[in-house]
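> Task: produce atomic coordinates for the following.
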Amino acid sequence: MTVMCDDGLARPTWAATDPMLRDYYDTEWGMPVREEAALFERISLEAFQSGLSWATILRKRPAFREAFDGFDPEKVAAYDDSDRERLMADAGIVRNRRKVDATITNARATLALRDEGGLVDFVWSFQPSATPEPTTWADVPTQSAESVALSRALKKKGFVHVGPTTMHALMEAVGIVDTHLMGSHRRGSSGVWPR
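Modelled structure (predicted):
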């Protein structure tokens, strides 16, 4: 469902009222992410979001960035038990041991992928030949054959907390697929897919 906002643009209900979510939807969601640290950040935040609202994660993103050294994979990969304890004591982030550990594990897997072309090329290689063309929010998929394949492939490379639904959300967020509704002012804005 979309909501007509005061600027005359229709947005999904999740992005219609909260200024932070509205700005995220209008400027960031669905735009291509093709830099290693930025993509590692998105994978990490999608994992932290599992079971929570995206608004919670987005509000905490500045604290996440500070706590995880800007999501620099080399720095995060070097974290030890003292870093784990520091993160678990940080009230600014989501303090979930499995998700903290997953972020460190995934940083190490990100570094290992550099020998095979890197995280960005690996993730983007799962871009489908066509993107969904939803006319209602009920038409927007939560998984795809590509997100299932990406999930499996990442797990084989040592990544964790990268299930098919989480990877589909990642693919939407970083522009690999365009699930903006047909006719939306944001449809095709990534430049990856035509309107």
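
> quick one: contacts for residue 76?
Neighbouring residues of residue 76 by C-beta atoms under 8 Å, 6 or more residues apart in numbering: 40, 68-69, 103-104, 107. In this view, the C-beta of every residue, glycine as well, is placed from N, C-alpha and C.

> how far away is it from residue 100?
The gap separating residue 76 from residue 100 is 10 Å, by C-beta to C-beta, to the nearest Å.

> how many other residues sit next to residue 167?
Residue 167 has 27 neighbouring residues, counting by other C-beta atoms under 10 Å.

> picking that back up, which ones among the contacts of residue 76 map onto helices?
40, 103-104, 107 (DSSP state H).

> re earlier: by neighbours, which of the contacts of residue 76 wins?
Within these, most neighbours by other C-beta under 10 Å means residue 103, with 28 neighbours.

> Quick check: closest non-adjacent residue to that one.
residue 44 (4.8 Å; C-beta to C-beta, 6 or more residues apart in numbering).

> Okay, and the one you found sits in which element?
For residue 44, the host element (DSSP states H and E) is helix 36-49.

> just how off-centre is that helix within its chain?
How far helix 36-49 lies from its chain's middle: 5 Å, per C-alpha atoms, centre = their mean, to the nearest Å.

> contacting residues for residue 174?
Applying C-beta under 8 Å, 6+ apart, we find residue 174 in contact with 30-33, 39, 42, 123.

> try 6 Å this time
Contacts were defined as C-beta atoms under 6 Å, 6 or more residues apart in numbering; by that measure residue 174 touches 33, 42.

> rewinding a little: closest to residue 192 among the ones in helices among the contacts of residue 76?
Minimum distance to residue 192 across those is 19.9 Å, recorded for residue 40 (C-beta to C-beta).

> close enough to count as contact, the closest one and residue 72?
No - taking contacts as C-beta atoms under 6 Å, residue 40 lies outside contact range of residue 72: 8.4 Å.

> picking up where we left off before, which one among the contacts of residue 76 gets closest to residue 189?
Nearest member of the contacts of residue 76 to residue 189, counting by C-beta to C-beta, is residue 40, at 23.6 Å.

> so is the residue nearest to residue 52 when sequence neighbours are not counted in a helix, a strand, or just coil?
Spatially, and ignoring its direct neighbours in sequence, residue 52 is nearest to residue 94 (6.8 Å; C-beta to C-beta, 6+ apart). Three-state call for residue 94 (DSSP: H, G, I helix; E, B strand; the rest coil): coil.

> burial count for residue 94?
Counted with other C-beta under 10 Å, the neighbours of residue 94 add up to 20.
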